[in-house]
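Participant: Any chance you can model this:
(2 chains)
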Amino acid sequence: MFRLVAGRMLSSIGTLLFVGLALFLLTRSGPGSPARIVLGADATQQQIAQFEESHGLDRPVLVQYGSWLADVVLRGDFGKSFVTGRDVAVEISASLPVTLSIVLLAFLIALVFGLAIGIAAALNPGGVFDRLARLGAVVGLSIPAFWLGIILIRFIAVDLRLLPPGGYAPLSAGLMVHVQTILMPAVSLAVYYIAVLARMTQASLQEALRGDYVRTARAMGLPSWKVVAYALVNALPPVINLAALSFGYMFGWALIIEQVFNVPGLSRALLNAISQRDFLLLQGIVFLFTVIFVLANLIADLVNRTLDPRQRSTA
Amino acid sequence: MSTVGTSPSATSSPLLAIEGLRVGFRAAGGGVIEAVRGVDFTVAPGEAVGIVGESGSGKSLSMLAVMRLLGSTAGITGGRITFDGRDLTALGEAEMRRLRGRDLAMVFQDPQSSLNPALTIGRQIADVVRAHRGVGQTEARRVAAEALERVGIRDAGRRLDAYPHEFSGGMRQRALIAMAIACRPRLLIADEPTTALDVTVQAQIVDLIADLRRDLGLAVVFISHNLQLVAEIVDRVVVMYGGKVVEDGPVETIERAARHPYTRLLRSCVPRLDGPVGPLATIEGTPPRLGRMPAGCPFEPRCPCREALCATEMPPLVAAEAHRLACWRPQ
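Facilitator: Model prediction:
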């Protein structure tokens, strides 16, 4: 187990190094200097050169990358925002909880409904749930999340006045108020992944239910819920892998959803960073997404390993 | 069928009696394709019966029908299956579930895939025990260890925590048999339990089943395409072809004085060490296809002794003492 985690950590570090480098090259290759945006159109050539020098922007890209990396690794310091002058970590920690709340709720919804619909469909091939899952998959996969968000605002918030149409209340304002503000964004985000996870669960469980060991379990008179549990243990690994990927992708889609619902999450910080060429903040946010993605997949691997004894002993 | 020969063992009240069993698949066009076409035989308490035939003869399907494990595509289309005085075809799924594993159990061909790869051997045996007896985890585990020991796995208590992939093919088949006998059923159905195993291991499994039968008083139905293998442990052999019983008799009769041309050919197909060296004997032609069963004897197209009547009319299964035969031209 330890060797597995250590090995995965090493390859994850490789991924992160590469992503960091790619980020540097991409941000620095775009037009427009941060200095011009921070100092304004009236700034002299000299002022700009001075800004670039003091922020290290005049150095070669690889050197900039090296010193950024050293700061991150040795001191956990992601640098300061060019625009506000505050620590990137502080800037991110202001908006991260908003995005995290929405994504976590969306993930929970997707997991619960995706698994439930998938299992129900697999157990009744040709039945109501099977047909519902097939139809739902097509619908769920085809509806863009932002469009669903707009529709929800129109009907649930404006017409029915059940939930606020946008904005955000932190958890400290009370659980109910908090959930009311993130429920519609989370549902808009979750629908696509409910469809994806339900289809995968259905396919994987149907396959497992055809297994010889399922027939053995029936021939030995195990109760049917136990027979399903037997199959499910073997059907879950691909679903867990897909769930981990989905969790990572959700952070990407959350950026768009946050715009629709006017929520002050990471999307606002990221879009500002892009338009203001706030390289260090931009890098910090994208780097955070990468870390979340890598961690989610690592966790999925560990869960799968506990489910499958064959993987455990060969690790 | 015009005449139904009563099975030899029907004199004492049988443990399992199959009468006129028919099993069909639902065809794409809405019709039913019958694969088992009126099968009768009985198994007495403690008796070992071999069912022999080629793939598609309906031998496995008949026994899956007894277990009521035919799945969603096939079903029992006629006949009765009486086990210990109860008609299994009339039982509800819940009652049937209670019988499976407790009174009658079945082990299958491929031990590789017949155990759940994600659970320990001990857990899988204990689950069977707990499904039928209201006992706790510890007691179920004790019974599981006992069953595992009984099937000849050394150091059974410790091996309970092993996973299927840590067992060899032969040990897995032993573990499956342990699951089947853990609750002391009265009938064990073994569907080609040795086909996927090495020849040396095959003999061990056959011996094991013979031992269990003697020690536990189990009745055994041993399905195989290998007449010689089956002959080592059974009292009686039922030969099936084209979804019908074509010959049924004591093992000595079938081995030495079989009268159906198919049984005789089947016997000659097993190579012998002391026999002449040369190409392996085969039966010319292929078994009839499902849904294309001939009107007469299903073996007629391949039969070396056929005559005109064989193609048009199915010979009845006629009983004479301990022997039953369906053939117009017995040898």
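Participant: Can I take it that A:R199 is in a strand?
Facilitator: No: secondary structure of A:R199 (DSSP: H, G, I helix; E, B strand; the rest coil): helix, not part of a strand.
Participant: what secondary structure does residue 41 sit in?
Facilitator: Since no chain was named, I'll use chain A. A:A41 is classified as coil under three-state DSSP.
Participant: My question was about chain B, not that one.
Facilitator: B:F41 - assigned by three-state DSSP - is strand.
Participant: Tell me the spacing between it and chain A.
Facilitator: Using Cβ to the nearest Cβ, to the nearest Å, B:F41 is found at 21 Å from chain A. The way it works is simple: take the backbone N, C-alpha and C, and place the C-beta from them, glycine included.
Participant: For that residue, give me its contacts.
Facilitator: B:7, B:18, B:49, B:238, B:245, B:248 (Cβ atoms under 8 Å, 6 or more residues apart in numbering or on different chains).
Participant: which element is the residue nearest the centre of chain B on?
Facilitator: With distances taken as Cα atoms, centre = their mean, B:I223 lies nearest the centre of chain B, 3.2 Å away. In this structure, B:I223 sits in strand B:219-224 according to DSSP states H and E.
Participant: In PDB, could you pull the C-alpha coordinates for that strand?
Facilitator: Below are the C-alpha coordinates for strand B:219-224, written out as PDB (Å, rounded to 0.1, in the frame of the first residue of the first chain):
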ATOM      1  CA  ALA B 219     -27.500 -38.200  -3.900                       C
ATOM      2  CA  VAL B 220     -25.400 -37.000  -6.900                       C
ATOM      3  CA  VAL B 221     -26.200 -36.000 -10.400                       C
ATOM      4  CA  PHE B 222     -23.000 -35.900 -12.400                       C
ATOM      5  CA  ILE B 223     -23.300 -34.300 -15.800                       C
ATOM      6  CA  SER B 224     -20.500 -35.000 -18.200                       C
END
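Participant: Downstream of that strand, the next helix or strand is which one?
Facilitator: helix B:227-231.
Participant: tell me the mean pLDDT over that next one?
Facilitator: Helix B:227-231 shows a mean pLDDT of 88.
Participant: Got the confidence number for the spatially closest residue to B:L290 that is not a sequence neighbour?
Facilitator: In this structure, B:L290 finds its nearest non-sequential neighbour in B:I33, 5.1 Å apart by Cβ to Cβ, 6 or more residues apart in numbering or on different chains. B:I33 carries a pLDDT value of 90.
Participant: What count of nearby residues applies to B:I33?
Facilitator: 17 (other Cβ atoms under 10 Å in any protein chain shown).
Participant: pretty sure it is touching B:F25, no?
Facilitator: Yes: counting by Cβ atoms under 8 Å, B:I33 touches B:F25, with 4.8 Å between them.
Participant: And the average pLDDT for the strand holding B:I223 is what?
Facilitator: For strand B:219-224, the mean confidence score works out to 96.
Participant: by contact count, what packs against it?
Facilitator: Under the contact criterion of 3 or more Cβ pairs under 8 Å, 6 or more residues apart in numbering or on different chains; DSSP states H and E, strand B:219-224 touches strand B:48-52, helix B:59-67, strand B:187-191, helix B:199-216.
Participant: Let me know the pLDDT of residue 62.
Facilitator: By default, I'm working from chain A. For A:L62, the model assigns a pLDDT of 86.
Participant: my bad, the chain I had in mind was chain B
Facilitator: 96.
Participant: Then B:T6?
Facilitator: Per the predicted model, pLDDT is 46 at B:T6.
Participant: Other residues contacting stretch A:218-233?
Facilitator: A:119, A:123, A:205, A:208-209, A:211, A:213-214, A:217, A:307, B:67, B:69, B:97-102, B:105-108, B:116, B:118-119, B:127-128, B:131-132, B:179-180.
Participant: Next: stretch B:81-88.
Facilitator: B:13-19, B:21, B:65-66, B:68, B:80, B:89, B:96, B:99, B:103-104, B:186-187.
Participant: This completes my enquiry, with thanks.
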